[in-house]
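Engineer: just to be clear, the model below is a prediction. Sequence and coordinates:
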Amino acid sequence: MKLLKILPALAFAAFVGQSSAFSFGATEDAVAIAPPALDLPAEPGNLQTAVFAGGCFWGVQGVFQHVQGVKNAVSGYDGGAANTAQYESVSGGDTGHAESVSVTYDPGKVSYGKLLQIYFSVAHNPTELNRQGPDSGTQYRSAIFAQNAEQQKVAQAYIAQLDATKSFDKPIVTKIEMGKAFYPAESYHQDFLTENPSYPYIVINDLPKVAQLKKLFPEQYRAEPVLVKNQ
C-alpha cells in the first residue's frame, strides 16, 4: 500500500489513529503444498543466500525471520539499477525493481527447497500477476532472484511440479530472474512487522502469514525472529 508504506516512522502512530475506515483489501490465504522433489544438498555451516519477491517486503521478511536456520532476512530491492534502489523510485513501478527479501540461511538446518516451499505456501500467492493483496504494480511481482544455476534449476523444477499437480487453482506466474543485484531498503522498512505488530496493514495482511507458518511448518517455525537491527 503506497500511501501507508511511504510514511516515515514518526508518522505511523498518528496515521494509525485515523485509519480505521481505510480499505486494506483481503489477506492472501496460505496453501498446504508438497515439498520439492528436487533440492540442493545440505552443507552445514556454509551460509547461503536466497532472494525472494512476493508483494510487500514487510510480510515476506517477517515470515522468513521466523524460520529456523535463517540467519538474516533483509528487505530491499532487486531487478533494477543501483540509482533507482530507493522506495520513492521503486514505488512508481517503472524501475524494474521488485520489493524483495534477501535471506541468509544455513543449508544444514533449512534447505533451499524448504525455503521455496514456505515462499510459495505461506509468504505470498504465486498465482497473482504484478499484485499481492491490496498492492499492485510490477514492484509487487512474484519473482525468485536465483543466485546461481543450481537455485535456478531447483526453482524451475518446483514450479513445474506444483503446476503439474495443480497445487493452486490457477497457474503459477512466478518468474525466475538471474544476474540482478540486491540493494537493502531504508532502515525504517527493516524489521517492520516485529516493530509494528498493531499497524493495520500488518494486522490484516502479514500477521496471518506468520500464524500460517507456525501452523503449516511447526518444525521450521521459531518463536523469536532474527532481526536485522540485532545483526
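Structural biologist: Structure's in. What do you need?
Engineer: now Lys71: how far from Leu227?
Structural biologist: Per Cβ to Cβ, to the nearest Å, Lys71 is found 11 Å from Leu227. From N, CA and C alone the C-beta is placed, and that goes for glycine too.
Engineer: what sits up against stretch 152-163?
Structural biologist: 33-34, 36-40, 112-113, 116-117, 120, 126, 144, 146, 168, 171-172, 174, 176, 178 (Cβ atoms under 8 Å, 6 or more residues apart in numbering).
Engineer: give the buried residues for it.
Structural biologist: 152, 154-155, 157-159, 161-162 (16 or more other Cβ atoms under 10 Å).
Engineer: name the nearest of these relative to Gln65.
Structural biologist: Using Cβ to Cβ, Ala155 comes nearest to Gln65 of the buried residues of stretch 152-163, at 21.3 Å.
Engineer: phi, psi of the closest one?
Structural biologist: phi -60, psi -40 (degrees, to the nearest 10).
Engineer: tell me the pLDDT at it?
Structural biologist: We have a pLDDT of 98 for Ala155.
Engineer: do Glu43 as well
Structural biologist: 87.
Engineer: report how many residues lie close to it.
Structural biologist: 12 (other Cβ atoms under 10 Å).
Engineer: quick one: the residue nearest to it when sequence neighbours are not counted from Gln65, how far?
Structural biologist: With sequence-adjacent residues excluded and distances taken as Cβ to Cβ, 6 or more residues apart in numbering, Glu43 is closest to Pro107, at 4.9 Å. As judged by Cβ to Cβ, Pro107 and Gln65 stand 18 Å apart.
Engineer: how far away is Ala81 from Asp94?
Structural biologist: Ala81 sits 12 Å away from Asp94 when distances are taken as Cβ to Cβ.
Engineer: so what's the residue count around Leu40?
Structural biologist: By other Cβ under 10 Å, 16 other residues sit near Leu40.
Engineer: so what's the nearest residue to it once chain neighbours are set aside up against?
Structural biologist: Nearest residue to Leu40, sequence neighbours excluded (Cβ to Cβ, 6+ apart): Tyr112, at 4.6 Å. Applying Cβ under 8 Å, 6+ apart to Tyr112 gives the contacts 39-40, 48, 50, 105, 151, 154.
Engineer: next one: Leu213
Structural biologist: Leu213 neighbours (Cβ under 8 Å, 6+ apart): 63, 66-67, 118, 122, 220-221.
Engineer: ok, Val31 next?
Structural biologist: By Cβ under 8 Å, 6+ apart, the neighbours of Val31 are 120-121, 167-168.
Engineer: now for those, which pair is the farthest apart?
Structural biologist: The span of these, defined through Cβ to Cβ, is set by Ser121 and Phe168 at 9.9 Å.
Engineer: these two: which is more packed in?
Structural biologist: Ser121 (24 against 16).
Engineer: helix, strand or coil for that one?
Structural biologist: helix (DSSP: H, G, I helix; E, B strand; the rest coil).
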